[in-house]
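K.L.:
I would like the atomic coordinates for the input below:
(2 chains)
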Amino acid sequence: MQVNRLVATMRANLKGNLNMENTYNQVEIERKWQKRWEEDNLYKVNEHSDRPKWYALTMFPYTSGDLHIGHWYAMAPSDVHARFKRMQGFNVLHPIGFDAFGLPAENAAIKRGIHPYQWTMKNVENMRKQLKTIGAIYDWDREVITCQPDYYKWTQWFFLKLYQHGLAYRSKAPVNWCPRCQTVLANEQVLANGTCERCDEPVVRKDLEQWFFRITKYADELMQHEGLDWPERIKTMQNNWVGKSTGTDISFELNIPGVEEKEIRVFTTRADTVYGVTFMVLAPENPLVEKITTPDMKADVEAYIAKTRRFTEIERLSTEKEKDGVFTGAYVTNRLNGDKVPVWIADYVLAGYGTGAVMAVPAHDERDFAFAKKYNLPVKVVISPPDWNGAPLEAAYTDEGKMVNSAQFDGTPNKEGIGKVAEFLEEKGWGKRTISYKLRDWLISRQRYWGAPIPMIYCQKCGIVPVPEEELPVLLPEDAEFKPTGESPLKYCASFVNTTCPECGGAAKRETDTMDTFMCSSWYFLRYANAHIDTAAFDKEAVKYWLPVDLYTGGAEHAVMHLFYARFFTKAIRDMGLIDFGEPFIKLFNQGTIISNKQKMSKSRGNVVNPDSYVSRLGADTVRCYLMFVAPWEQGGDWNDNGIAGINRWLNRVWKLATEAYTPNNVDEEEFRNLQRIIHQTIKKVTQDIDKIRYNTMISTLMEYTNYLGKVKDNGSVSQKDWEEAVKTLLLLLAPSAPHLAEELWLQTGHKYSIHNWKWPEWDETLAQDEEIPIIIQINGKTRDKVTVPASITEEEAKEIILAKPKVKTYIEGNEIIKIIYVPKKLLNLVIK
RNA sequence: GCCGAGAUGGUGGAAUGGCAGACACGCUAGCUUGAGGGGCUAGUGAGCGUAAGCUUGUGAGAGUUCAAAUCUCUCUCUCGGCACCA
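P.N.:
Here you go, the predicted model:
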């Protein structure tokens, strides 16, 4: 006894500031079972099974080098769900791998002289070791690492496929350039404030020849989420990103001697306001600007364009910025009413949207109104506000009204007018109904080393020539130099750049840009089906069996990046006939963020929680259960050392319950029925909660069950056999959440290895029913009393019992009962006066 | 500015039309122990009361209902997304 206490004390002291005592050695048990499971290949998966398949995928981690608590928060609860499905009889694929290309590896190379490959693989090794401590059912045979040649060979192969199908093209375009990362970025990687997603540096515009994927071809399909069980907000974000709007292209007559173009086309959603056009605005980048600018305005226009270019994206995109512009000296004619209107340029018109030109209707557009006021341009009302007396407007009128000053359309409600004007324009050949999208094609070129090289060759004679499939992979050269200038090492690597043309055999140069890493993650879920196949990117049969992913979990930050690209990719290769489904992820679930001290974890705040230190003191099971218990998974939670202590206490109680001797005493038939009912109610609630991904209430249900069993044990009120059955159920229900503890106790309570191959318990609805139920008694809606009655009670019987209660009588006395509301098995409300 | 989510004890949260605060944390008291830690038992929204009990209470205000944390409207605040998209 004395010795035990002393050992316990010493152990408690070792735990430092976490003052907890343990009745069992979690860490040792976990190590033991992890080793055994691995030796036995317990979690190895194959496609030859008569069980239904279940593909549970967690977004794979980037090889940052350390598995932090955020990774645990993403992975541990996913594993619980996957284990649950497995016990329920599904053939579960729950793979893991690494997103291994990307800038940090290259920065490490520049800074510390380590080759990106070495840096990355060292991180993989470390993270793999850490990942194994979670005790997940990962089948490590299926691990994929995107920077390995056997993987990126196929990333390059997909590039060639997209190229062959006209979905990859090269084009010169104004692109987002991050001066710090020394590379271009996709639109999706530029934050709302115009800074780089990676390093927060302001992004600038550059004109560069780049590779694009034609994601816009799938704009409409990407807005469709039918049959997908996805969070509404992700679907909304994706749809906003596509930004579809229906409108009309309208041609304005341009007649300038010596200028080839005879029209300027604008895109508008408000064709009903076309009679109110008083000027036109072109984007400064619009190629027409140079041609139409009159000699006397040339200097002003050029100065304005130069100024625009100097602005960073932040400044240009700021809605705060006052709208300014300059007149080009040119005029166009509004074909509908013959009005000659001046053509201006202004940076609030975007080159990349619509036609890069807008018709300005200051009376009915706030931006145009502000611009007109600033430059004293006329405002012409064509949609009448209610009770409008013809006075000049104080502000733009953007609501509905009847059309005025609009020739034959006068009197038409403006909403109707949109279609009527468009129809008229089409008849005359002056316009055409069109659809515009905000979505731009996906820019995939990166001027970096650490990515999959774009498999293209430039030949003086033959032009752009794809690398033949049989020559893949185009390997990254090992002798590249990483200079602090930040320029792409590939550009200056002669052994890489110089090659021969596959077509003519002459000297040629390789493309030195590599692919956006989102390309690697756009197809990794296919590779998991068979990670070893070396004759194809993916195993057609295995993909047919496993895909699509049944449950995909990860952070919401990927809404318009990874998730969007992966969907595009899936649709593109479906149309190539490579697969027969168009959506990769059936159900999507976004977990929240785990924070600490009410703040985001960061090194500078010093509030980073290191999972390893908790795992090595309290065990993975404790950390797993705590992460599930702390808050609803989709919401995210605040890490708290006191909170995890509570979980530790609970698991210790479970241990004692299962290992300490049980002594029946006063065995009671009624107690048995209570126990049986609670067992079935617990199975029901736990099963439904895991199904609905409500882990926090699932854990609290298990705690309640544990607390109840504690009382049963103290009383010894059920037989030995019934007690053992009750404990067995607890262990089975606990198995997905605390797999090591459950396995250990399973053996210690005399069951056969392994609990994880055991069937998930099922509940019997009849046995779960309460025999007696409380009826709430309300007087005028206020709870006044409560009565316990048999569940089968009729309304008449219940009323009789309740109205006979002395306490109820005191309330009724001297009053009139107006109404009696009876809700079976719940309450009775007496409305009295 | 627009769109979406949210606001419940000292804390994390539970309850989705029917007993508000399950389950935990923390706190208080008692027991156990050589002290500390740990463990166990009881209590714990607030106010009044020795108690039974009463009153009050889910961001603010109004409404629907026999009954509202839950449904409707208005407002405040917090978080997330979008933001010159013509």
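K.L.:
so where's chain A uncertain?
P.N.:
A:1-21, A:192, A:312-321, A:486 (pLDDT under 70).
K.L.:
domains for it, by residue range?
P.N.:
A:154-241+A:442-517, A:245-436, A:611-767, A:770-832 (automatic domain parsing).
K.L.:
quick one: is the third one near RNA strand B?
P.N.:
In this case it means domain A:611-767. Yes: Domain A:611-767 is in contact with RNA strand B by Cβ under 7 Å from any atom of the strand, via A:629-632, A:635, A:637-638, A:640, A:642-643, A:645-647, A:649-650, A:652-653, A:694, A:696-697, A:699-700, A:703-704, A:707, A:710. (Glycine included, C-beta is placed from N, CA and C.)
K.L.:
Between the two ends of that domain, how far is it?
P.N.:
End-to-end span of domain A:611-767 (Cα to Cα, to the nearest Å): 41 Å.
K.L.:
and if you look at the second one?
P.N.:
Separation of the first and last residues of domain A:245-436 by Cα to Cα is 5 Å.
K.L.:
right, and residue A:666 touches residue A:717 too?
P.N.:
Yes: using Cβ atoms under 8 Å, residue A:666 makes contact with residue A:717 at a distance of 5.8 Å.
K.L.:
Neighbour count: those two, which is higher?
P.N.:
When neighbours are counted by other Cβ atoms under 10 Å, residue A:666 and residue A:717 differ, and residue A:717 comes out ahead with 21 against 9.
K.L.:
show me what contacts the more buried one?
P.N.:
A:664-668, A:671 (Cβ atoms under 8 Å, 6 or more residues apart in numbering).
K.L.:
about what we covered before: dump the domains of chain A into TSV; add distance to residue A:65 as well.
P.N.:
Compiled in TSV, the domains of chain A are given as follows (distance: least, Cβ to Cβ, whole Å):
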stretch	distance to residue A:65
domain A:154-241+A:442-517	14
domain A:245-436	31
domain A:611-767	13
domain A:770-832	54
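K.L.:
residues contacting the residue most central in space within chain A?
P.N.:
Centroid-nearest residue in chain A: residue A:556, 3.2 Å away (criterion: Cα atoms, centre = their mean). Residues near residue A:556 by Cβ under 8 Å, 6+ apart: A:231, A:233-234, A:590.
K.L.:
What of residue A:656?
P.N.:
residue A:23.
K.L.:
Can I take it that it is in a helix?
P.N.:
Yes: assigned with DSSP: H, G, I helix; E, B strand; the rest coil, residue A:656 falls within a helix.
K.L.:
Against RNA strand B, how distant is the closest residue to residue A:100 other than its chain neighbours?
P.N.:
Once flanking residues are discounted, residue A:100 sits nearest to residue A:147: 3.8 Å by Cβ to Cβ, 6 or more residues apart in numbering. Residue A:147 sits 28 Å away from RNA strand B, going by Cβ to the nearest atom of the strand, to the nearest Å.
K.L.:
Could you do residue A:291 as well?
P.N.:
19 Å.
K.L.:
What strand or helix carries the residue lying closest to that residue once chain neighbours are set aside?
P.N.:
Among residues not flanking residue A:291 along the chain, residue A:259 sits closest, at 5.1 Å (Cβ to Cβ, 6+ apart). For residue A:259, there is no helix or strand it lies in under DSSP states H and E.
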